[in-house]
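Q: fold the following.
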Amino acid sequence: MGSEDVKVVSFWVSPFGKRVEWALKLKGIEYEYIEEDIFNKSNLLLRLNPVHKKVPVLVHHHKPIVESFIILEYIDETWKQYPLLPHHPHQRALARFWATSVEQKLGKAGWVAMATSGDEQERAVKEATEIMEKIEDEIKGKEFFGGKNVGYLDIALGWIAHLIPVWEEVGSIQILDPSKFPAITSWMTNFLSHPVIQDTLPPRDKMLVYYHNRKNNWPSAFRNSVKD
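A: Numbering: from 1, shown residues only. From the prediction side, this is the model:
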């Protein structure tokens, strides 16, 4: 399939957009990447996603699909090679549960912990750490959430591996203590070492500059960044 059939509209640092790219690459699907300026949104984005006006957007045969988790399922249903979601319905349901729960809870807590200080930051770090404890139990004894291969839940939670350490540095905090979360730490190493993931990670130094700037613009940055 040529790249003219599949397009991804995203923003270079968007963890939601990275999910889409990882899924396509794991399945061996060629695509055209279109960079979007989320601070000066293009007419293309507004036309493709007029409801939420956010990235990512997958365009397949000129038809847009939005919301990263919906896009992941569309990709998995459209291209059958390298299945992402588990086969068993119960395992599929659990994967969806963990994906949405962690995003809603850890995404907000981690951002607040990075961008604030004092008691508010302390509460957010505590909340993020408690969520990590639950993830630790879920990944314990596994190479990936998907078993021996990167799967749907690895892609959904992959932002933890490359984004939380950046938030920790920017906010001068610690959420991921390797001694407390050895299973998550091992999973992060496995995930970030995967060739597909390695090839698509945004530059860490550029991410640090970006999130330092976003922290300085708190709280307006929070309203725009928790779900782009």
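
Q: burial count for T185?
A: Per other C-beta atoms under 10 Å, the neighbour tally for T185 reads 17. The C-beta positions use only the backbone N, C-alpha and C, and glycine is treated the same way.

Q: ok, now E30?
A: E30: 12 surrounding residues under other C-beta under 10 Å.

Q: distance of E103 relative to E30?
A: 28 Å (C-beta to C-beta, to the nearest Å).

Q: scratch that, G171
A: For G171, the distance to E30 - C-beta to C-beta - is 38 Å.

Q: do V9 as well
A: Going from V9 to E30 by C-beta to C-beta gives 16 Å.

Q: got a list of contacts for stretch 66-78?
A: Defining contact as C-beta atoms under 8 Å, 6 or more residues apart in numbering, one finds that stretch 66-78 is touched by 16-17, 19-20, 23-24, 27, 29, 48-49, 51-52, 54, 56-58, 60, 65, 83-85, 96, 99-100, 152, 155-156.

Q: mind redoing it with 7 Å?
A: Identification of contacts with stretch 66-78 by C-beta atoms under 7 Å, 6 or more residues apart in numbering yields 16, 19-20, 23-24, 27, 49, 52, 56-58, 65, 83-85, 99-100, 152, 155-156.

Q: now the buried members of these.
A: Buried by 16 or more other C-beta atoms under 10 Å: 16, 19-20, 23-24, 27, 49, 56-58, 65, 84-85, 99, 152, 155-156, out of the contacts of stretch 66-78.

Q: just these: which are in helices?
A: Using DSSP state H, the members of those that fall in helices are 16, 19-20, 23-24, 99, 152, 155-156.

Q: pick out the most distant pair among these.
A: Spanning the widest gap among these are L24 and A99, at 17.6 Å by C-beta to C-beta.

Q: how about stretch 123-133 as PDB, C-alpha atoms only?
A: Only the C-alpha atoms of stretch 123-133 are listed here, as PDB (Å, rounded to 0.1, in the frame of the first residue of the first chain):
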ATOM      1  CA  ARG A 123      -0.400  15.400  46.000                       C
ATOM      2  CA  ALA A 124      -0.100  14.900  42.200                       C
ATOM      3  CA  VAL A 125       3.200  12.900  42.700                       C
ATOM      4  CA  LYS A 126       1.400  10.700  45.300                       C
ATOM      5  CA  GLU A 127      -1.500  10.100  43.000                       C
ATOM      6  CA  ALA A 128       0.800   9.300  40.000                       C
ATOM      7  CA  THR A 129       2.800   6.900  42.200                       C
ATOM      8  CA  GLU A 130      -0.300   5.100  43.300                       C
ATOM      9  CA  ILE A 131      -1.300   4.500  39.700                       C
ATOM     10  CA  MET A 132       2.200   3.200  39.000                       C
ATOM     11  CA  GLU A 133       1.800   0.700  41.800                       C
END
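
Q: which residues in the protein form strands?
A: Ranges of strands in the chain, per DSSP state E, are 6-10, 32-35, 57-60, 63-66.

Q: the first one to helix 15-26, inter-axis angle?
A: Just to be clear, that refers to strand 6-10. Per axes from the mean of the first three to the mean of the last three C-alpha atoms, to 10 degrees, the angle that strand 6-10 makes with helix 15-26 is 160 degrees.

Q: what is strand 6-10 packed up against?
A: helix 15-26, strand 32-35, helix 43-48, strand 57-60 (3 or more C-beta pairs under 7 Å, 6 or more residues apart in numbering; DSSP states H and E).
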